[in-house]
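Student: Could you look at this predicted model? Sequence included:
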Amino acid sequence: MEQHSTPFGGLGDGMTIDDLNSRSPLSHKLGIIFTELTVERVVATMPVEGNQQFLGLLHGGATLALAETLGSVAAFLHSQGRPVVGTELGASHLRSAREGIVIGTCEPIHLGSTLTTHLITVRDEQQRVISSCRMTNMILDPDRARGSSVPGAGSAAEPTV
């Protein structure tokens, strides 16, 4: 497992992948486990079991939750601890999955001072593309975000990842 080379800003110095894996209640419910964290690449796995729709296929909403989780964490890594909020998420579901795990890989398309855009590719265990997603995040100014209605945006210690 690869670690991000600098501390996780408001998440605390010395934050590990294990710390991040235990932080989000939704990630816990979906079984999302981070395996790689760098500004250039964020990777996580998610089981199909427990995340299916009524026909037994991986639910598109679960896939999007995986993608948004990856994109948010990646934007936060780039922001150096400033709060981030998602502004757009789009996906093309290209194949179904019925079992095993899926692997989400998030890589930057654009890393700006106020906006980031990431490509998130979700693959099955045979490396076939399940979904291709694109996410844009806004990096907030912590001083301006204090009066915001965005939960957690008022403190870098409470990021929205």
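Tutor: Perfect, I can see it now.

Student: switch to C-alpha atoms for all contacts and neighbour counts from now on
Tutor: Fine.

Student: ok, Asn21 - how many residues close by?
Tutor: 17 (other Cα atoms under 10 Å).

Student: What of Arg98?
Tutor: Neighbours around Arg98, by other Cα under 10 Å: 17.

Student: what residues are up against the nearest residue to it once chain neighbours are set aside?
Tutor: Closest residue to Arg98 apart from its sequence neighbours, by Cα to Cα, 6 or more residues apart in numbering: Leu57 at 4.8 Å. By Cα atoms under 8 Å, 6 or more residues apart in numbering, Leu57 lies in contact with Val48, Ser96, Ala97, Arg98.

Student: So for Leu57, what's the pLDDT?
Tutor: Leu57 is assigned a predicted lDDT (pLDDT) of 97.

Student: which phi and psi does it have?
Tutor: Dihedral pair for Leu57: phi -90, psi 150, per degrees, to the nearest 10.

Student: Three-state assignment for Ser27, please.
Tutor: The three-state label given to Ser27 by DSSP: H, G, I helix; E, B strand; the rest coil is helix.

Student: from now on call the first residue 46
Tutor: Happy to do that; since the first residue is 46 now, the last one works out to Ser72.

Student: need the contact list for it.
Tutor: Asn66, Ile78, Leu111, Thr114.

Student: Scan those and report the most crowded one.
Tutor: Counting by other Cα under 10 Å, top hit in those: Leu111 with 26 neighbours.

Student: A helix includes that one, no?
Tutor: Yes. Leu111: assigned to a helix according to three-state DSSP.

Student: Make TSV from the contacts of Ser72 and add pLDDT, secondary structure and distance to Gln125 to it.
Tutor: As requested, the contacts of Ser72 are arranged in TSV below (pLDDT from 0 to 100; DSSP: H, G, I helix; E, B strand; the rest coil; distance: Cα to Cα, whole Å):
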residue	pLDDT	secondary structure	distance to Gln125
Asn66	80	helix	19
Ile78	96	strand	22
Leu111	98	helix	22
Thr114	96	helix	17
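
Student: All set now, cheers.
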